[in-house]
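Student: Fold the stuff below for me.
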Amino acid sequence: MTVYVALLRAVNVAGTALPMAELKAICEDLGFEDVKTYIQSGNVLFRSDDSEAAVAAKLDEALGRKFGKRPGVMVRTTEELEAAAANAPFPDAKPNFLLVYFLPEKASTDALKGMVAPDGEEAVVAGREIYVHYPNGSGRSKLKVPALKPGTSRNLNTVRKLAELARAME
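Tutor: The predicted model follows:
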């Protein structure tokens, strides 16, 4: 069985509340095994024999039934998360100021075209991830990058921890 990490978009923000115990139960009802959640931002680890695409579709559909609209689910394997953590650019950035945006599909070559970065934000595209360094933090940033919209982000500390938890399940 493959270990997957699902990263939910827009959960526990903007009125879309989902207790992690409920997320765990939804995943178990879908037949996923050894389900574990990590912090309250919509991170869930589990095992499944299904493909990555099938896992993402099943979970997004189940959450869509709950919320009345699909939130968006990005799924990565242990190896993909480890690579995302290991290949992070901006080595001098504080890990909590470096966000990894996980996208549902590979970013286009012009994904950063039209980027507006008034606070000196920097971004790098790497396949299905876009790394963004927020030198002043992301909370008040006015960064505009339309390519980030379908994805969900986690700071580098969280990505590292999720990769560690996933590896422990292997």
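
Student: what about this protein, any weak spots by pLDDT?
Tutor: Judged by pLDDT under 70, the chain has its weakly predicted residues at 12-15.

Student: Please enumerate the helices of it.
Tutor: 20-29, 52-67, 78-86, 156-169 (DSSP state H).

Student: What count of nearby residues applies to residue 62?
Tutor: 17 (other Cβ atoms under 10 Å). C-beta here means a position set from N, CA and C on the backbone, and glycine is covered the same way.

Student: With distance to residue 107 as extra columns, can I get the helices of the chain in CSV?
Tutor: Listed next are the helices of the chain as CSV, based on distance: least, Cβ to Cβ, whole Å:
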stretch, distance to residue 107
helix 20-29, 27
helix 52-67, 17
helix 78-86, 13
helix 156-169, 17
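
Student: what's near enough to touch the spatially closest residue to residue 29 that is not a sequence neighbour?
Tutor: Leaving out its chain neighbours, the residue that sits closest to residue 29 by Cβ to Cβ, 6 or more residues apart in numbering is residue 62, at 7.4 Å. Residue 62 makes contact with 26, 29-30 under the criterion Cβ atoms under 8 Å, 6 or more residues apart in numbering.

Student: same deal with residue 97?
Tutor: 133-138, 155.

Student: gap between the residue of the chain most remote from its centre and residue 74?
Tutor: In the chain, counting by Cα atoms, centre = their mean, residue 118 sits farthest out from the average C-alpha position, at 24.6 Å. Using Cβ to Cβ, to the nearest Å, one gets 27 Å for the distance from residue 118 to residue 74.

Student: and if you look at residue 133?
Tutor: Distance from residue 133 to residue 74, by Cβ to Cβ: 20 Å.

Student: Which one's more surrounded, those two?
Tutor: Between residue 133 and residue 74, residue 74 has the larger neighbour count (other Cβ under 10 Å), namely 25 against 21.

Student: Identify the residues contacting the closest residue to residue 47 other than its chain neighbours.
Tutor: Using Cβ to Cβ, 6+ apart and skipping residues adjacent in sequence, the residue nearest residue 47 is residue 1, 4.0 Å away. For residue 1, the contact set (Cβ under 8 Å, 6+ apart) comprises 33, 47-49.

Student: Filter those down to just the ones in strands.
Tutor: Taking DSSP state E, the ones among those that sit in strands are 33, 47-48.

Student: would JSON lines of those residues with neighbour count and distance to residue 19 be doable?
Tutor: JSON lines is the format used below for the ones in strands among the contacts of residue 1 (neighbours: other Cβ atoms under 10 Å; distance: Cβ to Cβ, whole Å):
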{"residue": "33", "neighbour count": "13", "distance to residue 19": "21"}
{"residue": "47", "neighbour count": "15", "distance to residue 19": "22"}
{"residue": "48", "neighbour count": "23", "distance to residue 19": "22"}
